[in-house]
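Undergrad: Predicted structure and sequence below. I'll ask about it afterward.
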Amino acid sequence: MSAPESVDPGASPGLFGSLRAFWAVLIAILYTRLDLVTLELEEEASRAVQLLAVIVAALLCAGITLFFIMFFLVVTFWDQRMMVLGIICSLGIIASVVFALVARQMILTRPKFLSQTLAELKRDVEGLKPPAKTTEAKP
């Protein structure tokens with residue numbers, strides 16, 4: 001007796017076919033999640049570079065301001081017309097405070113690390129759980 005030559009389209013694919021399909025779906029899910037993780041890591045790295053740039057700018061402004069404040073105090077005792085240096089010092093202080101507040105806001109409002117990936121994995125887990133059986137009350 002020989003094996004059947006054609007497969008019935010309504011027949012089940014068999015154990016190995018089901019396992020292949022299961023692994024294909026699992027790998028597709030893992031690939032999607034890994035892609036999401038890499039995207040979130042890139043966004044986090046970009047945010048870190050922006051934060052570093054703001055901190056460096058704030059420190060630069062603070063250093064320049066400190067220099068001009070000391071210079072202003074030394075020169076003030078020699079000449080009373082040092083309004084320009086006073087304005088420069090004021091602007092430096094304002095810029096330093098603004099940059100520090102921007103950096104603080106960036107730190108406080110950053111999203112939770114890998115939040116989108118964790119949300120997707122949670123949805124996957126919920127999707128894999130068997131549906132809860134509901135009992136309908138008969139009137």
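TA: Structure's in. What do you need?
Undergrad: any idea how far residue 66 is from residue 72?
TA: 11 Å (CB to CB, to the nearest Å). Where C-beta positions appear, they are placed from N, C-alpha and C, glycine not excepted.
Undergrad: three-state assignment of residue 111?
TA: Put simply, residue 111 is coil when judged by DSSP: H, G, I helix; E, B strand; the rest coil.
Undergrad: What count of nearby residues applies to it?
TA: 11 (other CB atoms under 10 Å).
Undergrad: That one and residue 44, how far apart?
TA: 9 Å.
Undergrad: Ok, residue 67 next?
TA: 35 Å.
Undergrad: Please apply the same query to residue 34.
TA: Applying CB to CB to residue 34 and residue 44 gives a distance of 16 Å.
Undergrad: Comparing those two, which shows the higher neighbour count?
TA: residue 44 (14 against 11).
Undergrad: How about the more buried one, nearest residue that isn't a chain neighbour?
TA: residue 113 (6.8 Å; CB to CB, 6 or more residues apart in numbering).
Undergrad: Ramachandran coordinates for the one you found?
TA: Note on residue 113: its backbone torsions stand at phi -60, psi 120 [degrees, to the nearest 10].
Undergrad: That one - how many residues pack around it?
TA: For residue 113, using other CB under 10 Å, the count is 10.
Undergrad: And the one 3 residues further on, by the same measure?
TA: The criterion is other CB under 10 Å. On that basis, residue 116 has 15 neighbouring residues.
Undergrad: Look at it and give its secondary structure.
TA: Going by three-state DSSP: residue 116 is helix.
Undergrad: From residue 92, how far off is the residue nearest to residue 44?
TA: Distance from residue 113 to residue 92, by CB to CB: 35 Å.
Undergrad: longest helix in this protein, by residue count?
TA: In the chain, with assignment by DSSP state H, the single longest helix is helix 14-76.
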